[in-house]
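Enquirer: pasting the structure only:
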């Protein structure tokens with residue numbers, strides 16, 4: 001529970017509740033409903049390995065990716081977006097990804113993709129499928145960085161095969177002059193510094209439009 005609460009605190013600190021028109025209290029109580037899906041209190045993320053037990057994903061039409069990425073900062077440097085000629089909203093979840101229906105959920109078994117650096121996307125997708133893992137979307141990868149911008153490290157950044165825009169572009173987060181950068185790479189090109197972020201599973205979602213079940217003491 002403590003890790004979930006600290007993640008919620010971080011989202012409130014970033015003003016995510018205000019961006020989607022929620023009071024801090026209602027926002028907190030809604031997200032606290034996700035605790036029923038935790039098998040235990042998640043441990044601390046391992047930034048070197050690029051792994052984490054669980055992370056909250058806010059994925060609602062009231063907070064489009066255009067607004068979400070701009071809240072990412074690392075070492076006091078704001079994120080930049082370089083998706084031209086595409087726009088952030090052009091990258092949508094791939095068919096069959098099976099995202100939870102609702103506004104927020106948990107990702108379990110997060111992996112930045114260290115083992116898939118220098119692998120072309122088509123081979124990485126097959127490798128992830130063989131391991132029972134699914135690729136992250138742009139929204140999910142961005143939520144990881146909202147919590148832990150340290151997940152981006154020099155030579156250890158990630159692509160997000162769970163979102164595509166109908167061509168050979170694959171969205172990615174990496175560092176440019178030490179600042180987080182949301183851009184894209186060509187599908188056929190391997191990169192020694194880019195892996196493919198994935199997760200083991202996703203929890204059912206909660207809905208910010210539904211009355212939350214209140215948890216006293218939080």
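Expert: Thanks, I have it. Being a predicted model, the structure only gives us computed values, none of them experimental.
Enquirer: how about the strands in this structure?
Expert: 51-58, 73-74, 77-78, 80-81, 92-93, 104-111, 134-135, 157-159, 163-164, 169-176, 179-186, 194-196, 198-199, 201-202 (DSSP state E).
Enquirer: which of these sits most buried?
Expert: When these are scored by mean count of other CB atoms under 10 Å, the highest mean neighbour count falls to strand 157-159 (a mean of 27). The C-beta positions use only the backbone N, C-alpha and C, and glycine is treated the same way.
Enquirer: tell me the strands beside it, with direction?
Expert: Strand 157-159 has the following strand partners under DSSP bridges: strand 169-176 (antiparallel), strand 194-196 (parallel).
Enquirer: a markdown table for the strands of the chain, including distance to residue 151?
Expert: Output for the strands of the chain, formatted as a markdown table (distance: least, CB to CB, whole Å):
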| stretch | distance to residue 151 |
| --- | --- |
| strand 51-58 | 8 |
| strand 73-74 | 9 |
| strand 77-78 | 15 |
| strand 80-81 | 17 |
| strand 92-93 | 21 |
| strand 104-111 | 9 |
| strand 134-135 | 15 |
| strand 157-159 | 8 |
| strand 163-164 | 17 |
| strand 169-176 | 8 |
| strand 179-186 | 10 |
| strand 194-196 | 11 |
| strand 198-199 | 13 |
| strand 201-202 | 18 |
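Enquirer: TSV please, covering the ones you listed and showing mean pLDDT and distance to residue 144.
Expert: TSV is the format used below for the strands of the chain (pLDDT from 0 to 100; distance: least, CB to CB, whole Å):
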stretch	mean pLDDT	distance to residue 144
strand 51-58	97	6
strand 73-74	96	12
strand 77-78	96	17
strand 80-81	97	17
strand 92-93	96	16
strand 104-111	98	7
strand 134-135	98	13
strand 157-159	98	9
strand 163-164	98	14
strand 169-176	97	9
strand 179-186	97	11
strand 194-196	97	13
strand 198-199	98	10
strand 201-202	98	13
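Enquirer: nearest to residue 33, out of these?
Expert: strand 104-111 (9.1 Å; CB to CB).
Enquirer: and the angle for that closest one with strand 51-58?
Expert: Angle, strand 104-111 to strand 51-58, by axes from the mean of the first three to the mean of the last three CA atoms, to 10 degrees: 160 degrees.
Enquirer: for strand 104-111, packing partners?
Expert: strand 51-58, helix 138-147, strand 198-199, strand 201-202 (3 or more CB pairs under 8 Å, 6 or more residues apart in numbering; DSSP states H and E).
Enquirer: again, only this time at 7 Å
Expert: Applying 3 or more CB pairs under 7 Å, 6 or more residues apart in numbering; DSSP states H and E, one finds that strand 104-111 contacts strand 51-58, strand 198-199, strand 201-202.
Enquirer: what's the closest of these to residue 117?
Expert: strand 198-199 (13.2 Å).
Enquirer: hmm, who's touching that closest one?
Expert: Strand 198-199 has contacts (CB atoms under 7 Å, 6 or more residues apart in numbering) with 107, 108, 109, 110, 111, 113, 128, 133, 134, 135, 136.
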